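Participant: when you get a sec, could you give me coordinates for this:
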Amino acid sequence: MSQKTRFLVYGIVAIFLVTTYFIKESKSSDTLPVIGTIPEFRFTDSRGEVITHADLDGKVWVADFIFTTCTMACPVMTGNMNLIHQEFRNDDDVRIVSISVYPEYDTPEVLANYASRYDADTNRWHFLTGPEESVQEILKNGFKIGDYEDIEDIIFHSEKFALVDRNGQIRGYYSGMQEEDVKWLKKDIKLLLEKN
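Facilitator: Reported below is the predicted structural model:
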């Protein structure tokens, strides 16, 4: 390879790396977009207590959709959500919300057992269950990360985490399967905490 070709290759690689860096940096910029607003909801948590939208008012929270018998994506997602939980465990302004997409099986007792596997503080990490129609409604029309038009099985669910601000507005989506996205999510949580 000639010296001129080598410099050209190095130049292209350098441009690629710099561009990638700035794209990632822009993901956690000073302004996160407002993607939507979470509607009112009413679910039951792993302690048998009712949790509504009002219980999360004024909190920055992260939500996902899982089910306890899942052996593929859910353990990875819940493990990554636990990284978020542990990072902000002592911050009263942060909540985690995991909503079961298999409410027929995932009773509060089942969710309590599942939460204990992750040493979850269920005062701050809410494992929720409720009527199947309510879960479908909030997944599809609230978080806008589910499509049930051609799917009859509620166990279909997204692998995304949704970041919600203190006003109940969705501010970002992140892969619940990727550690890199979890890192950006942590940064964006801190960004929202600093703004209020």
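Participant: from here on, contacts and neighbour counts on C-alpha atoms
Facilitator: OK.
Participant: and the residue nearest the centre of this structure?
Facilitator: Centroid-nearest residue in the chain: F161, 2.0 Å away (criterion: C-alpha atoms, centre = their mean).
Participant: which SS state does it fall under?
Facilitator: Here F161 is strand, with the state taken from DSSP: H, G, I helix; E, B strand; the rest coil.
Participant: V76 too?
Facilitator: Per three-state DSSP, V76 ends up helix.
Participant: that one contacts G176, doesn't it?
Facilitator: Yes - counting by C-alpha atoms under 8 Å, V76 touches G176, with 7.5 Å between them.
Participant: neighbour-wise, which of the two wins?
Facilitator: Taking other C-alpha atoms under 10 Å, V76 and G176 do not tie; G176 has more neighbours (24 against 16).
Participant: contacting residues around I38?
Facilitator: The neighbours of I38, taking C-alpha atoms under 8 Å, 6 or more residues apart in numbering as the test, are I138, G142, F143, G168, Q169, I170.
Participant: can you do 6 Å?
Facilitator: Taking C-alpha atoms under 6 Å, 6 or more residues apart in numbering, we find I38 in contact with G142, G168.
Participant: just give me the neighbour total for C70.
Facilitator: Per other C-alpha under 10 Å, the neighbour tally for C70 reads 11.
Participant: next: D93.
Facilitator: 16.
Participant: which one is it nearest to, not counting chain neighbours?
Facilitator: The spatially closest residue to D93, leaving aside those adjacent along the chain, is K59, at 4.9 Å (C-alpha to C-alpha, 6 or more residues apart in numbering).
Participant: ok, L192 next?
Facilitator: Leaving aside its sequence neighbours, L192 sits nearest to D165 (C-alpha to C-alpha, 6+ apart; 6.7 Å).
Participant: quick check, that neighbour in contact with V62.
Facilitator: No - assessed by C-alpha atoms under 6 Å, D165 is found out of contact with V62, at 8.8 Å.
Participant: what segments of the chain are helices?
Facilitator: For the chain, the helices defined by DSSP state H occupy 3-27, 73-87, 108-117, 132-137, 179-195.
Participant: could you tell me the least trusted of those?
Facilitator: Ranked by mean pLDDT, these bottom out at helix 3-27, which scores a mean of 48.
Participant: now do the domain split for the chain, please.
Facilitator: Using automatic domain parsing, the domain parsing of the chain gives 1-30, 32-195.
Participant: okay, the ones you listed, which one's buried deepest?
Facilitator: Among the domains of the chain, domain 32-195 has the highest mean neighbour count (mean count of other C-alpha atoms under 10 Å), at a mean of 18.
Participant: tell me which residues touch the residue nearest to A112 when sequence neighbours are not counted, please.
Facilitator: Nearest residue to A112, sequence neighbours excluded (C-alpha to C-alpha, 6+ apart): S46, at 4.7 Å. Neighbour list for S46: P108, L111, A112, F127 [criterion: C-alpha under 6 Å, 6+ apart].
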